[in-house]
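K.L.:
have a look; sequence and predicted model below, questions after that.
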Amino acid sequence: MKKKATSKPVSLSEEQFYAIARALGDARRLAIVRQVAASEGMECSALHVHEELSPATVSHHMKELNEVGLVEIRRSGRSANLFLCRPVFDAYVRRLASL
């Protein structure tokens, strides 16, 4: 029986922590993170329909979330799938809990 690989918990710098806090301070980005977290991969195109956002607005928010490390964008041809970067999100939540 194979053991499940355990990854080291991510540690956030002060700068990373504050960048994530700023990114999640926008209600639309927080809603996007909630949707992506609830799925195991979501097509980017589904966001603008569900949240009634234009593709350009979704792109802007996804860029922000990707830059702070909360969301990973995996491209396949013309489509893009979104995944929550769970280790980064968990590190952020741990840091919040320790305040």
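P.N.:
In hand now; what should we look at?

K.L.:
please count neighbours and contacts with C-alpha atoms only from this point.
P.N.:
Fine.

K.L.:
just name the shakiest helix or strand of this protein by mean pLDDT.
P.N.:
Counting by mean pLDDT, DSSP states H and E, the chain has its least confident helix or strand at helix 44-50, which shows a mean of 72.

K.L.:
residues of the helix or strand that comes right after it that come out buried?
P.N.:
Downstream of helix 44-50, the next assigned helix or strand under DSSP states H and E is helix 55-67. By neighbour count with 16 or more other CA atoms under 10 Å, helix 55-67 contains the buried residues V58, H61, M62, E64, L65, N66.

K.L.:
list the residues that contact the second one.
P.N.:
Under the criterion of CA atoms under 8 Å, 6 or more residues apart in numbering, the contact list for H61 reads R28, R29.

K.L.:
quick one: it from R29, how far?
P.N.:
6 Å (CA to CA, to the nearest Å).

K.L.:
contacts for stretch 19-31?
P.N.:
Contacts for stretch 19-31 (CA under 8 Å, 6+ apart): H61, M62, E64, L65, V68, L70, Y92.

K.L.:
can I get those residues in JSON lines with pLDDT and distance to S76?
P.N.:
JSON lines is the format used below for those (pLDDT from 0 to 100; distance: CA to CA, whole Å):
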{"residue": "H61", "pLDDT": "90", "distance to S76": "20"}
{"residue": "M62", "pLDDT": "89", "distance to S76": "16"}
{"residue": "E64", "pLDDT": "95", "distance to S76": "20"}
{"residue": "L65", "pLDDT": "95", "distance to S76": "19"}
{"residue": "V68", "pLDDT": "96", "distance to S76": "22"}
{"residue": "L70", "pLDDT": "95", "distance to S76": "20"}
{"residue": "Y92", "pLDDT": "96", "distance to S76": "29"}
